[in-house]
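> This is a predicted model, with the sequence first.
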Amino acid sequence: GTLGVADGGFGPAMWEGTRRGLVERLLPRLPAETQSRAMRGLMRRLLLSAAKAPQGKSTGASLVALRVERLAAMGEIVGARDLLGAVRDRSASESLQRSETDVLFMANDNARACPLVARLVGTSASVHWQKAFIFCQALAGEHDRAELGIGLLREKGVKDEVFYGLIDSLASREKFVIASLAHPTPLHFAIARAARARLPADVTSSNNPAVLRIVATSPNARARLRLESAERAEAMGSLPTNFLRQLYAGITIPEDVVADLAKRKGNAPVPMARAYLYRNAIGEVVPTAVAETISRAIAMARAGGYYPSTARVYLPVIERLAPRRELLWFAPEAVRAFIAAGKPQAAGSWLDLLHLAAS
């Protein structure tokens, strides 16, 4: 583990009295998709805590591999890499090595993933290693060898037209259009990014936090898809709130959408509308106008189920507003936003304003 008691870990006796077989069955069931920050924090601490292994008969699973897989599924890429780094001998477990390459591909670290794949491809008959090796060959410009590998996979009956199309795109430089990718793997993302292929809309249909994080940070995804993914990933805690703020501020909003939003017609895509409102809020200097924009954004968030996320996004903007009598109407909204964003103490001055007005 990487977390000691002083860092928030649960301590070396965490598994005392718990059978190993039970731990091995339950760890994979931890819900990666939770929107509860408290539950996510507890799961992260559990998976990263340094502790003595539970006693009892094992089912044959690697506890470290199970923990790395859950961290990766949660989008905790840094935590997964740190945990892998704490394991002295990762070569003892193929599942652990698979987890390591997946994490490296997810982090777009092909330079470290490919040498690892090259060492492992000759030790296993797994299709995963063969496909990863073919990608690394194509990435290195060894297209003839990659083509030979693809021919062998086709002869074996391996079906993955997205993989084949992307590999061919790396060799021919012709764009490959991904029609559908409902169940992407870390390898798919690595190849798509290398081939600069557009990610399809259904790539996030699994609602997996790790997938959402990857799509949100992928330059080869359309702006609307990146925004939608970033909002969902932030809500689940797999993407920092500040990244969503930066995406709102920097994403390109089409001129016709801007015109639609300015006229408040309501026809624009909702994620684009949220980005537009955030830009208005951070660019406005009149306090009343800032408060009105925040109120509009929060009303939209309530309707779409993104209230806590929106409160976190606008937290720095609300903190810059000074409680004053002309903003009395905004005080209840500010109090609720501070509480939703996990800063109830900051709501005190706005509560004082409300108490003063009521006296």
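Structure's in. What do you need?

> Now the residue nearest the centre of the chain: phi and psi?
For the chain, Arg213 is the residue whose C-alpha lies nearest the centre (C-alpha atoms, centre = their mean; 2.4 Å). Main-chain torsions, Arg213, degrees, to the nearest 10: phi -60, psi -40.

> Give me the helices and strands touching the longest helix seen in the chain, please.
Among the elements of the chain assigned as helix by DSSP state H, the one spanning the most residues is helix 287-304. Where contact means 3 or more C-beta pairs under 8 Å, 6 or more residues apart in numbering; DSSP states H and E, helix 287-304 is packed against helix 270-283, helix 307-319, helix 331-340. C-beta: built from backbone N, CA, C; applies to glycine.

> and if we set it to 6 Å?
Using 3 or more C-beta pairs under 6 Å, 6 or more residues apart in numbering; DSSP states H and E, the elements in contact with helix 287-304 are helix 270-283, helix 307-319.

> ok, the nearest residue to Glu284 once chain neighbours are set aside to Tyr278 distance?
Nearest non-adjacent residue to Glu284, counting by C-beta to C-beta, 6 or more residues apart in numbering: Val290, 4.8 Å away. To Tyr278, Val290 is 11 Å away according to C-beta to C-beta, to the nearest Å.

> check contacts around Gln70.
You called it Gln, but residue 70 is Arg. 30, 47 (C-beta atoms under 6 Å, 6 or more residues apart in numbering).

> got a pLDDT number for it?
The model reports Arg70 with a pLDDT of 92.

> Name the secondary structure element that contains it.
helix 63-73 (DSSP states H and E).

> right, and the helix or strand after that helix?
helix 77-85.

> correct me, but the residue nearest to Glu284 touches Ile282?
No - counting by C-beta atoms under 6 Å, Val290 does not reach Ile282; the two are 8.7 Å apart.

> More neighbours: these two, which one.
Ranked by neighbour count (other C-beta atoms under 10 Å), Val290 and Ile282 place Val290 first, with 22 against 16.

> Would you mind getting the angle between the helix holding Arg70 and helix 77-85?
160 degrees (axes from the mean of the first three to the mean of the last three C-alpha atoms, to 10 degrees).
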